[in-house]
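Q: I would like the atomic coordinates for the input below:
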Amino acid sequence: MTNLNGDQVIPVHATLLVAPACPHCPQIKKVLTELLAQGQLASLELVDISIDLERAEKLAVRTVPWCQLNSLELQGAHSRDEIVHWVEQAARQDGRQQLFDSLLEVGQLAQVESMLRRHPAGMSDLLILFADQERQINVRIGASVVLESLQGSGLLEQVVDEIGSYTQHKNISTRIDACYVLSLIQHPTAQVFLTEALGDSNAEVREVAQESLNELREAAD
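A: Below you'll find the model as predicted:
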């Protein structure tokens, strides 16, 4: 499906978790119900956690309202305009990347990590932000911190080739950062990329690559 601009549009399926005592839940429910009636949502599932607590525990939801729009997750109160915006983003290929950017900008790192653990495909979106030197510094630092928090989860291993590719990036800082992140991944491919980075034209990149390689070898002993 495409819109009038020729952009691919993804049907948006929404899930809203609510509780009877929540003061913000009725407004979120109202907005989503209206969007469903207008055809901007393909489906809407309402879950009362006072009845289905198991669903909240499965999703690790600790506060409501909590809304999932495809793979995008929103927590807490949001205005109508904000909800409409994220519904529109959920229909886009880069919607998750835009949400990560917004969350990292305001320091909501735990929410990004939680989303990635449930939706590993989002790792590529995070890596784009990690490597984009045009992004705000707090976004890039936040992306690095989230990557560190995922050490040992198995998610970094799934994207080791993507991370390794950034050791060839035109920007020196990105190459350095990539070498550091590779030190968190106990995977043979990580060592291959770091060994190749030892021949980098920049001395600092070579130094970080060597330090990272040493860390991996020591951890393996």
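
Q: contacts and neighbour counts: CA atoms only from here.
A: Fine.

Q: Need the contact partners of the helix or strand of the chain with the lowest mean pLDDT.
A: Of all helical and strand segments in the chain, the minimum by mean pLDDT, DSSP states H and E falls on helix 53-58, at a mean of 90. The set of residues external to helix 53-58 that reach it, using C-alpha atoms under 8 Å, 6 or more residues apart in numbering, is L17, I49, R62.

Q: thinking A77 is in contact with H24, fair?
A: Yes. With contact defined as C-alpha atoms under 8 Å, A77 counts as touching H24 (5.8 Å).

Q: Who are the contact partners of I163?
A: For I163, the contact set (C-alpha under 8 Å, 6+ apart) comprises L127, A178, V181, L182.

Q: And the contacts of the one helix or strand the second one maps to?
A: It stands for A178. When elements are defined using DSSP states H and E, A178 is found to belong to helix 172-182. The contact list for helix 172-182 (C-alpha under 8 Å, 6+ apart) reads 131, 133, 144, 147-148, 160, 163-164, 166-169, 190-191, 194, 197, 202, 204-205, 208-209, 212.

Q: Kindly report the same for stretch 138-145.
A: 101, 104-105, 107, 109, 126-127, 129-133, 181.

Q: try 7 Å
A: With contact meaning C-alpha atoms under 7 Å, 6 or more residues apart in numbering, stretch 138-145 is reached by D101, L104, E105, L109, L126, L129, F130.

Q: Distance-wise, check the fourth one relative to D200.
A: With distances taken as C-alpha to C-alpha, to the nearest Å, L109 is found 32 Å from D200.

Q: where does Q68 land in three-state SS?
A: strand (DSSP: H, G, I helix; E, B strand; the rest coil).

Q: so what's it bridging to?
A: Beta-bridge partners for Q68, by DSSP bridges, are T15, E73.
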